[in-house]
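> Build me a structure from this.
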Amino acid sequence: MKLKVVLGLFFIIACLVPMLPTAAQAAPVTGDAAISSWQLRWETDGDRLASPDEAMQASGWQDIRASAPVVSKPERVESAWVRIKLPEIGKNQGAFFRSIYAQNITAYLNGEAVFHSERKHWFDLNRVLIPLENYDSGQELLLHLESDTDRLGLGRGIHISDYQDLMRLYAKYDLLDIILGSAFIFVAFVMLICSVFLDRNQLKLWLALCFIILPIGGLLIGYSPFLYTFYGSYGFVYQGLFDLSLYTFLPALLVFFEFLFGSGYRGIVKHFRRFQIGYSVFGLVMLIVNRALHNEFQSFYFFVSVTAAGCLMLAEFILILLILGRQLWRRNIDSIILSVGLAIFAIIGSAELVKFYASSQTYDLSWWKWGLVAFVLSLIVLLGRRFAHQHKLILTYSRDLEIYNSELQRSEKMEIISQLAASVAHEVRNPLQVTRGLLQILETRHQIERSGENYYKLAIDELDRASTIITDFLTFAKPQMEQVHELNLAEEFKHVEGIIVPLANLHGGRLEMNVPRSLRILGNSSKLKQALINIIKNSIEALEGAGVVKIWAYEEREQVVIHISDSGAGMDERVLERLGEPYFSNKTKGTGLGLMVTFRIIEVMQGTIKFTSQKGIGTEAMIRFPAARFVETNAKVSM
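Residues are numbered from 1 along each chain as shown. Got it, this is the predicted structure:
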């Protein structure tokens with residue numbers, strides 16, 4: 001059932017993700033007109049044009065369609081000119097370029113520079129908005145682009161529309177990436193603050209998840225063109241944030257995975273994690289060195305941070321998927337949850353990469369962030385499930401520990417009483433017997449009666465009562481079964497019934513007994529009868545007049561179960577908890593030793609007893625003994 005709920009949750013997320021707004025789904029602009037084509041001219045070191053006028057008069061222009069833009073520059077090309085024929089321009093309109101791939105951009109209109117941007121970092125995706133007026137209709141808009149990266153040119157999405165509408169679109173185009181990344185970072189910091197309340201076992205997984213969510217926020221912010229567009233002077237900071245987040249994310253994911261599923265076959269996850277940490281440290285050192293030397297090793301660092309890091313990421317995901325496949329084969333629900341989240345991320349990311357390379361690198365990667373959201377959600381669900389499982393184990397352990405402590409206290413108490421009973425009973429019983437004998441002799445010789453009372457007989461009865469208490473003490477202290485036989489439960493109850501029925505009639509109650517003759521247990525006949533008589537006698541005395549005591553038995557799961565139920569006054573929870581304690585009794589003249597001995601006898605016969613009661617309804621005792629044939633079978637097997 002839990003698995004169905006989790007899978008249903010991820011299915012809902014997968015259905016809702018396409019409905020979420022992204023940078024690729026811009027809001028429509030009133031009066032929008034798109035540029036369908038433009039001209040491009042590449043420049044080499046020996047063929048650079050000094051001014052827009054020279055560019056207008058130069059040859060070598062090639063026509064480019066918006067449906068198939070060209071951004072992959074040829075070898076030895078570092079700059080290019082783009083010429084755009086403006087259509088009819090209305091008042092207060094502008095041109096919005098959704099993607100210009102270049103580090104340095106200068107826009108010329110009527111021979112004058114209307115826009116200029118320079119970047120010293122390698123993030124080459126630009127969003128540009130240029131204001132236009134109606135007198136610019138039919139003019140040539142020239143763009144001079146320079147870049148040391150592999151991409152140079154215009155991508156899809158050039159719109160001419162109302163300047164105010166374009167400004168709003170321009171301002172919020174990539175803002176969602178910043179909001180989402182900031183939310184991840186905020187959640188990670190909150191989790192770090194909350195980590196002070198966790199114990200050591202929970203803290204490891206919690207911190208590992210924190211250092212997965214935190215760099216994901218950095219990846220989203222560092223990749224978004226928003227900051228590069230509006231705060232381009234700090235571009236190296238954003239790129240550094242992206243690289244730092246990537247170097248943190250990859251090892252943290254392996255650490256989290258290792259905590260969940262172990263080190264894998266021959267510790268492969270542990271070894272790869274150590275290598276990943278070492279590579280991340282190397283990447284960070286190269287980032288600092290390259291930045292300190294003003295991008296002197298930019299080409300090599302690009303290989304380290306993009307090409308090699310991408311291969312390592314691919315290898316890491318393949319390793320994780322292989323181990324998850326092994327766990328799925330074992331039907332591990334944790335691996336199923338993580339696999340669903342990773343699958344959503346992998347499917348979305350793979351589809352975007354295919355589309356990116358199929359579009360000559362002009363497609364803007366935008367859906368991958370929602371794949372990351374689904375992946376992080378799977379990690380959070382997984383961690384929450386682990387914490388819930390640990391909490392359940394703690395509660396179970398606490399309950400077991402409480403029961404164990406209670407049993408231990410009871411065992412210690414019984415042991416003390418047993419030792420006391422064994423040492424005292426023998427010493428007291430002999431003088432009692434001598435006193436009783438002497439009183440009998442005196443009674444027969446003198447036959448003295450005063451006020452109709454025989455004090456000799458009263459003294460002898462009280463001595464007999466004291467002897468019974470001492471006998472109970474001895475039974476409790478040494479309850480071992482001297483002679484163990486296979487007992488027919490129906491025959492034992494038949495004997496008990498002959499003893500107990502007169503007592504029931506005396507109290508105005510009656511017995512109803514239903515015990516099949518097929519039920520057999522191992523034990524001592526006299527001890528079993530003593531225990532049964534004690535329980536039935538208490539039930540009869542609890543009737544307080546007319547009532548019924550029902551006795552029935554049956555076999556269940558290799559055990560013989562006996563029920564003794566009465567319709568008496570019943571007991572509350574406080575009294576039920578103290579049943580079996582010495583000297584605790586509800587009866588006026590009771591000592592509490594009868595039930596104590598009963599508990600001991602049943603325990604020695606490898607049985608259990610449980611009382612349930614409700615005030616005003618009655619009490620029921622349920623006794624369980626191992627069935628005789630199963631005890632014999634187990635004994636033969638052990639031999």
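> Please count neighbours and contacts with C-alpha atoms only from this point.
Will do.
> How far away from the center of its chain is the host helix or strand of residue 273?
Residue 273 is part of helix 268-292, with elements assigned from DSSP states H and E. Put simply, helix 268-292 sits 31 Å off its chain's centre (C-alpha atoms, centre = their mean, to the nearest Å).
> so what does it touch, helix or strand wise?
Where contact means 3 or more C-alpha pairs under 8 Å, 6 or more residues apart in numbering; DSSP states H and E, helix 268-292 is packed against helix 235-261, helix 298-302.
> when you compare where the longest one runs with where helix 268-292 runs, what's the angle?
Compare the direction of helix 235-261 with that of helix 268-292 by axes from the mean of the first three to the mean of the last three C-alpha atoms, to 10 degrees and you get 170 degrees.
> Buried ones in helix 235-261, by neighbour count?
Residues 235-236, 238-258 are the ones in helix 235-261 that count as buried (16 or more other C-alpha atoms under 10 Å).
> How about the last one?
Counting neighbours by 16+ other C-alpha under 10 Å, one finds that the buried residues in helix 298-302 are 298, 301.
> again, but for stretch 190-209
Buried residues in stretch 190-209 (16+ other C-alpha under 10 Å): 191-192, 195, 203-209.
> swap in stretch 604-616?
Using 16+ other C-alpha under 10 Å as the test for burial, stretch 604-616 gives 605, 607-609, 611, 613-614.
> what's the answer for stretch 557-567, then?
Buried residues in stretch 557-567 (16+ other C-alpha under 10 Å): 559-567.
> Helix, strand or coil: sort out residue 550 for me.
The three-state label given to residue 550 by DSSP: H, G, I helix; E, B strand; the rest coil is strand.
> Could you say which helix or strand holds the closest residue to it other than its chain neighbours?
Spatially, and ignoring its direct neighbours in sequence, residue 550 is nearest to residue 512 (4.7 Å; C-alpha to C-alpha, 6 or more residues apart in numbering). Using DSSP H and E, residue 512 maps to strand 509-514.
> which element follows that strand toward the C-terminus?
strand 520-523.
> Kindly format the C-alpha coordinates of that next one as CSV.
The C-alpha coordinates for strand 520-523 follow below in CSV (Å, rounded to 0.1, in the frame of the first residue of the first chain):
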residue,chain,number,x,y,z
ARG,A,520,-3.7,-33.4,26.2
ILE,A,521,-0.8,-31.6,27.9
LEU,A,522,2.3,-32.6,29.8
GLY,A,523,2.5,-31.8,33.5
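> Among the buried residues of stretch 557-567, which pair sits farthest apart?
559 and 567 (26.1 Å; C-alpha to C-alpha).
> Residue 159: how many residues sit nearby?
20 (other C-alpha atoms under 10 Å).
> what are the bridge partners for it, then?
residue 34, residue 96 (DSSP bridges).
> Surely it and residue 97 touch.
Yes - contact status for residue 159 versus residue 97: in contact at 6.7 Å, counting by C-alpha atoms under 8 Å.
> re the thing from before, pull the number of nearby residues for the residue nearest to residue 550.
12.
> Please look at it and residue 547 and confirm they touch.
No - in terms of C-alpha under 8 Å, residue 512 does not count as a neighbour of residue 547; the distance is 10.7 Å.
> sorry, back to before: the buried residues of stretch 557-567 in helices, which ones?
Among those, DSSP state H puts none in helices.
> wait, which of the residues you listed is closest to residue 303?
residue 559 (73.1 Å).
> rewinding a little: partners of the strand holding residue 512 in the sheet?
Applying DSSP bridges, one finds strand 509-514 paired with strand 547-556 (parallel).
> ok, residue 38 - contacts?
63-66, 82-85 (C-alpha atoms under 8 Å, 6 or more residues apart in numbering).
> Let me know the secondary structure of it.
Three-state assignment for residue 38 (three-state DSSP): strand.
> What separation is there between it and residue 336?
Residue 38 sits 50 Å away from residue 336, taking C-alpha to C-alpha, to the nearest Å as the criterion.
> Same check on residue 168?
In terms of C-alpha to C-alpha, residue 168 sits 43 Å off from residue 336.
> of these two, who's got more company?
Neighbour count, other C-alpha under 10 Å: between residue 168 and residue 336, residue 336 has more, with 21 against 12.
> all helices for the stretch 101-250 of the chain, in order.
Under the criterion DSSP state H, counting those that start in this stretch, the stretch 101-250 of the chain contains helices at 163-172, 175-194, 200-223, 225-230, 235-261.
> closest one to residue 391 among those?
Per C-alpha to C-alpha, nearest to residue 391 of the helices of the stretch 101-250 of the chain: helix 200-223, 10.5 Å.
> Let me see the mean pLDDT of that closest one.
Per-region confidence: helix 200-223 scores 83 on mean pLDDT.
> Against which helices or strands is it packed?
Using 3+ C-alpha pairs under 8 Å, 6+ apart: helix 200-223 touches helix 175-194, helix 235-261, helix 368-446.
> how many degrees apart are it and helix 175-194 in direction?
160 degrees.
> Can you give the domain ranges for this protein?
The chain is divided into the following domains under automatic domain parsing: 2-20+175-391, 33-172, 481-638.
> Which one of those domains lies nearest to residue 406?
domain 481-638 (10.9 Å).
> The closest one: how far from the chain's middle?
Mean-position distance between domain 481-638 and its chain equals 46 Å (C-alpha atoms, centre = their mean).
> And stretch 511-528, what's buried?
So for stretch 511-528, counting by 16+ other C-alpha under 10 Å, buried means 511, 513, 515, 519-525, 527-528.
> Max pairwise distance over these: which two?
Longest span within the buried residues of stretch 511-528, C-alpha to C-alpha: 511 and 522, 25.3 Å.
> now the angle from the helix or strand harbouring residue 530 to strand 509-514?
Assessed by DSSP H and E, residue 530 sits inside helix 525-542. Here the directions of helix 525-542 and strand 509-514 differ by 130 degrees (the same axes, to 10 degrees).
> Remind me what helix 525-542 packs against, helices and strands.
Helix 525-542 packs on helix 489-506, strand 547-556, strand 559-566, helix 593-604, going by 3+ C-alpha pairs under 8 Å, 6+ apart.
> who wins for proximity to residue 54 among those?
strand 547-556 (102.3 Å).
> For the closest one, buried residues please.
Neighbour-count burial for strand 547-556 [16+ other C-alpha under 10 Å]: 547-551, 553-555.
> any chance of the residues you listed in CSV, plus distance to residue 59?
Shown next, in CSV, are the buried residues of strand 547-556 (distance: C-alpha to C-alpha, whole Å):
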residue, distance to residue 59
547, 118
548, 117
549, 115
550, 113
551, 112
553, 108
554, 106
555, 104
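> Determine which two of those are furthest apart.
Going by C-alpha to C-alpha, the pair spanning these furthest: 547 and 555, at 27.1 Å.
> pLDDT below threshold where in the stretch 201-350 of the chain?
332, 334-335, 338, 346, 349-350 (pLDDT under 70).
> Recalculate using a threshold of 90.
201-213, 215-217, 219-240, 242, 246, 249-273, 276, 287, 290-350 (pLDDT under 90).
> helix/strand/coil for residue 296?
Under three-state DSSP, the three-state class of residue 296 is coil.
> Quick check: closest non-adjacent residue to it.
Counting by C-alpha to C-alpha, 6+ apart, the residue nearest residue 296 is residue 290, at 6.0 Å.
> Distance to residue 406 for the domains of the chain - can I get that in a markdown table?
A markdown table is the format used below for the domains of the chain (distance: least, C-alpha to C-alpha, whole Å):
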| stretch | distance to residue 406 |
| --- | --- |
| domain 2-20+175-391 | 23 |
| domain 33-172 | 66 |
| domain 481-638 | 11 |
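> Residue 623 contacts residue 559, doesn't it?
No - assessed by C-alpha under 8 Å, residue 623 is found out of contact with residue 559, at 9.9 Å.
> re the thing from before, tell me the contacts of the residue nearest to residue 550?
Residue 512 is in contact with 548-551, counting by C-alpha under 8 Å, 6+ apart.
> No more questions from me, cheers.
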